[in-house]
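Trainee: quick check, what structure comes out for this input:
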Amino acid sequence: MNTTLPDPRSAQNERAWVKALSAYRTPNRLRSSFELSVTVIPFVALWALALATVAYGYWWGLVLILPAAGFLVRLFMIQHDCGHGAFFAHRQTDDWIGRVIGVLTLTPYDYWRRTHAAHHAGAGNLDQRGMGDITTLTVAEYRALSGWGKFRYRLYRHPVVMFGIGPAWLFFLQQRLPFGLMRAGVTPWVSTMATNIGIAVLAGGLIWFCGVVPFLAVHLPIVTLAGAMGIWLFYVQHQFEETHWAEGDDWQFQHAALHGSSHYDLPLVLRWFTGNIGIHHVHHLSSRVPYYRLPEVLRDFPELRNLGRITLLESLRCVKLVLWDENRRKLVSFREARAAA
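Mentor: Coordinates of the predicted model:
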């Protein structure tokens, strides 16, 4: 399938892309069931095998933690598609699969779905920062901070905090309460509390079966590593040098989706484990496209392949990009902002 469409680098008629991608929004329910099976079963098997291996030496168990974390990331990508109503395209089915997976990913589904919807609705909008995204200041905003404020922001954006302490804080503590939606009605509270109860029941049963130390020795590193992977993916998908931010009437949804989200071109095996989420510009343009159909879009519309494309090696340089330079319309490092001043 292919259609003559405008250059994706042109701001003209970008809505045509949304219409074109609507043809890919229908999931194959047999394929969705298969994707769920080949993710859940290996994750459970690796978890159990890691537990059995720990009894013969903890370092042998650690060998299995990396692939187990990879499958947990993939489970989160299925939960993510469920949140968009894209996995089975049946609201109740998607919601309940998402809620069950949320117990494993420590992510309350209905609460997360609302914050993630806010992220999609305002990604790249300087007027709508703060809900479901990485906190990013402009150069002017950073310069206006006090010395203490600058220290806090630099600490927050430090890689050790962002990808080490941050994921542990988010998944183990912050998501146990509906922060940001504390007064948004009963649903966020029911979502977080029900997920907490589910986590407690599952953890309690496993601790009863294998003991608290073996459980923590296996599960904590898996969740922590998977959380770090997830935060890294989310970071790179929007925090790259040529990303797009705008404010007021200059912000347009279609343009922000195409130019404010990256095409994180990962090796094939990493694409599989991450549910093709690296094709993020297409996902933001049409979030109802199931993740296993995103490669079809790039196949049929090759003009989208190089738009916002960054490789695995190039993505490592994104860590230093911490401030939005409104004059140069790009993300810059602290050093670049200081030099420009």
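Trainee: just the helices in the stretch 51-200 of the chain please.
Mentor: Counting by DSSP state H, counting those that start in this stretch, the stretch 51-200 of the chain forms helices over residues 58-83, 91-105, 109-122, 139-143, 147-156, 159-160, 166-168, 186-210, given from the N-terminal end onward.
Trainee: burial count for the nearest residue to Gly248 once chain neighbours are set aside?
Mentor: Spatial nearest neighbour of Gly248, chain neighbours left out: Asp127 (6.7 Å); criterion: C-beta to C-beta, 6 or more residues apart in numbering. Using the backbone N, CA and C atoms, a C-beta is placed for each residue, glycine as well. Using other C-beta atoms under 10 Å, Asp127 has 9 neighbouring residues.
Trainee: isn't Asp127 up against Asp249?
Mentor: No: under the criterion of C-beta atoms under 8 Å, Asp127 lies out of contact with Asp249, with a separation of 10.4 Å.
Trainee: what sits against Leu126?
Mentor: By C-beta atoms under 8 Å, 6 or more residues apart in numbering, the contact list for Leu126 reads Thr138, Trp245, Ala246, Glu247, Trp251, Trp324.
Trainee: quick one, what contacts the residue nearest to Gly248?
Mentor: Glu247, Gly248, Trp251.
Trainee: tell me both backbone torsions, phi and psi, for Glu247.
Mentor: Here is the backbone geometry of Glu247 (degrees, to the nearest 10): phi -140, psi 160.
Trainee: ok, now the one 4 residues further on?
Mentor: When read as degrees, to the nearest 10, the backbone of Trp251 gives phi -80, psi 130.
Trainee: before we move on, what about Arg288?
Mentor: phi -90, psi 0.
Trainee: check what pLDDT the closest residue to it other than its chain neighbours gets.
Mentor: Nearest in space to Arg288, with sequence neighbours left out and distances taken as C-beta to C-beta, 6+ apart, is Arg25 at 4.4 Å. Arg25 is assigned a pLDDT of 94 by the prediction.
Trainee: pretty sure Arg25 sits against Ala86.
Mentor: Yes: taking contacts as C-beta under 8 Å, Arg25 lies within contact range of Ala86: 7.2 Å.
Trainee: those two: which is more packed in?
Mentor: A direct count of neighbours by other C-beta under 10 Å for Arg25 and Ala86 places Ala86 higher, at 23 against 16.
Trainee: I'd assumed His283 was in contact with that one.
Mentor: No: contact criterion C-beta under 8 Å: Ala86 and His283 do not qualify, at 9.3 Å.
Trainee: between the two, which contacts overlap?
Mentor: Where contact means C-beta under 8 Å, 6+ apart, the residues bridging Ala86 and His283 through contact with each are Val289, Tyr291.
Trainee: about what we covered before: out of the contacts of Asp127, which is nearest to Leu225?
Mentor: Within the set of these, Trp251 lies nearest Leu225; the separation is 35.5 Å, counting by C-beta to C-beta.
Trainee: quick one: contacts for the residue lying closest to that closest one once chain neighbours are set aside?
Mentor: In space, and not counting its chain neighbours, Trp251 is closest to Asn125: 4.6 Å by C-beta to C-beta, 6+ apart. Under the criterion of C-beta under 8 Å, 6+ apart, the contact partners of Asn125 comprise Trp245, Ala246, Glu247, Trp251, Ala256.
Trainee: low-confidence ranges, the stretch 1-150 of the chain, go.
Mentor: Filtered on pLDDT under 70, the stretch 1-150 of the chain yields the residue ranges 1-14, 57-58.
Trainee: repeat that for 80
Mentor: Low-confidence segments of the stretch 1-150 of the chain, defined by pLDDT under 80: 1-15, 54-62, 130-132.
Trainee: now which of the contacts of Asp127 would you call buried?
Mentor: For the contacts of Asp127, a neighbour count by 16 or more other C-beta atoms under 10 Å gives the buried set as Trp251.
Trainee: for Ile78, state which of the contacts of Asp127 is nearest.
Mentor: Closest approach between the contacts of Asp127 and Ile78, by C-beta to C-beta: Trp251, at 30.5 Å.
Trainee: OK, contacts around the residue most central in space within the chain?
Mentor: Nearest to the mean C-alpha position of the chain, counting by C-alpha atoms, centre = their mean, stands Phe234 at 4.1 Å. When contacts are counted by C-beta under 8 Å, 6+ apart, Phe234 touches Ile134.
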